[in-house]
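Asks: need a 3D model of the following:
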Amino acid sequence: MYYILPWLPEVSQQKRVCPFLDSGFVHIHTPVITSNDCEGAGELFQVTPSSKIKVPEENFFNVPVFLTVSGQLHLEVMSGAFTQVFTFGPTFRAENSQSRRHLAEFYMVEAEISFLESLQDLMQVMEGLFKTTTMTVLSNCPEDVELCHKFIAPGQKDRLEHMLKNNFLIISYTEAVEILKQASQNFTFTPEWGADLHTEHEKYLVKHCGDTPVFVINYPLALKPFYMRDNEDSPQHTVAAVDLLVPGVGELVGGSLREERYHFLEQRLARSGLTEAYQWYLDLRQFGSVPHGGFGMGFERYLQCILGIDNIKDVIPFPRFTHSCLL
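Replies: As a prediction, the model looks like this:
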């Protein structure tokens, strides 16, 4: 068994530049151009050459390709060789949204860990990354952080210290829905089991938990992509998924245990009509696999969280969103 060392936000670690590298992770440069839609949401930017190809039926890559929505599937390939891997780079979502927390191009920190057998272990890494990184930022860039806290988000310093000194809470998706149903607040989207959690739900849950970051785990299988591990918990039928919700932002990190069992994955792909497109992914399990899991954290949302900035467009120099691509 490969033992995963958790990050502890100690003073001796505050000047570390990269918690991943310090914990034995290997940095992988995952491709920006890809033929897979990792999330399955269909929010893809397709890539085509600007000059017309002579043969109309011919494609530059012989298959349709897109700007990546996530480096996860590539990290899963590499985690079979290097056990603990991560990437940090741009990702793209063609989501028609003008909200304060969505961009068409944004950066994401993603990690994949082999020999990971429980969501508890995964959440420990997620919480450790948040706390260690935040303490490093506070240690190395105190003037910049204080400037934002003073003029943009008064009281954010206290909220941030509260997040750092308290353990993050854990509730199940089922518990989250029950909390929302009992809320005195009127929601735009009525909470019900089997429906996705919206931003208004996520923010309420964080406030309900005392403005402490909260992990929501075990979502309905129907809400999540094909690669998440089946909990085999009929009749609810959930998967081992986890979202980290934080004050002011809502969802910051999303992750799961991956389905390493060949026959489970084979059935999921067949039901979704994805067997041909993801045969290579299925082949990774054909001769055996290991339990593994991973997560992705939106970098701009992370900056929103620690700096107290309300609009995601204000934490990136050149924001790209619907109907706007200047320069």
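Asks: give me the contact list for stretch 203-211.
Replies: 159, 162-163, 169, 171, 176, 179-180, 183, 185, 187, 197, 212-214, 216, 245-248, 250 (CB atoms under 8 Å, 6 or more residues apart in numbering). For the C-beta atoms, the positions are set from N, CA and C on the backbone; glycine is no exception.
Asks: now, of those residues, which are buried?
Replies: 159, 163, 169, 171, 176, 179-180, 197, 212-214, 216, 245-248, 250 (16 or more other CB atoms under 10 Å).
Asks: how far away is Glu146 from Pro154?
Replies: 11 Å (CB to CB, to the nearest Å).
Asks: apologies, that question was intended for His292.
Replies: Distance of His292 to Pro154, computed by CB to CB: 43 Å.
Asks: looking at these two, which is more packed in?
Replies: His292 (23 against 10; other CB atoms under 10 Å).
Asks: tell me how far stretch 255-273 is from the chain's mean position?
Replies: Put simply, stretch 255-273 sits 19 Å off its chain's centre (CA atoms, centre = their mean, to the nearest Å).
Asks: ok, and what's touching it?
Replies: Counting by CB under 8 Å, 6+ apart, 40, 76, 116-119, 122, 126, 224, 226-230, 239-243, 275, 278, 281-282, 285-286, 289-296 sit against stretch 255-273.
Asks: give the buried residues for it.
Replies: 255-260, 262, 265, 268-269.
Asks: and what of stretch 141-158?
Replies: 145, 148-149, 153, 156-157.
Asks: which other helices and strands does the host helix or strand of Met163 contact?
Replies: Per DSSP states H and E: Met163 is located in helix 156-165. Counting contacts by 3 or more CB pairs under 8 Å, 6 or more residues apart in numbering; DSSP states H and E, helix 156-165 packs against helix 119-140, helix 142-151.
Asks: tell me the mean pLDDT over the last one?
Replies: What that stands for is helix 142-151. For helix 142-151, the mean pLDDT works out to 94.
Asks: likewise stretch 235-249?
Replies: 95.
Asks: could you tell me the end-to-end distance of that stretch?
Replies: 32 Å (CA to CA, to the nearest Å).
Asks: and if you look at stretch 279-289?
Replies: 15 Å.
Asks: buried set for it?
Replies: Buried residues in stretch 279-289 (16+ other CB under 10 Å): 281-282, 284-285, 289.
Asks: next step: the contacts of stretch 203-211 restricted to helices.
Replies: For the contacts of stretch 203-211, the ones inside helices are 159, 162-163, 176, 179-180, with DSSP state H as the criterion.
Asks: so for stretch 90-101, what gets flagged as buried?
Replies: 91-93, 101.
Asks: contacts for it, please.
Replies: Counting by CB under 8 Å, 6+ apart, residues outside stretch 90-101 touching it are 32, 41, 43-45, 67-71, 102-108, 199, 249-250, 301, 304, 310-313, 321-322.
Asks: so which of those are in strands?
Replies: Residues of these located in strands (DSSP state E): 67, 105-108, 250.
Asks: run a quick neighbour tally on Gln124.
Replies: The burial count for Gln124: 15, using other CB under 10 Å.
Asks: any idea how far it is from Gly255?
Replies: Gln124 is 12 Å from Gly255, by CB to CB.
Asks: let's verify Ala270: helix, strand, or coil?
Replies: helix (DSSP: H, G, I helix; E, B strand; the rest coil).
Asks: same question for Asp37.
Replies: Once three-state DSSP is applied, Asp37 turns out coil.
Asks: run me through the strand neighbours of the strand or helix carrying Gly255, direction for each.
Replies: Assigned by DSSP H and E, Gly255 falls within strand 250-257. Sheet pairing of strand 250-257 (DSSP bridges) gives strand 238-246 (antiparallel), strand 292-298 (antiparallel).
Asks: picking up where we left off before, now render the ones in strands among the contacts of stretch 90-101 as a markdown table, adding distance to Ser51.
Replies: Listed next are the ones in strands among the contacts of stretch 90-101 as a markdown table, based on distance: CB to CB, whole Å:
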| residue | distance to Ser51 |
| --- | --- |
| Leu67 | 19 |
| Glu105 | 24 |
| Phe106 | 29 |
| Tyr107 | 30 |
| Met108 | 31 |
| Gly250 | 42 |
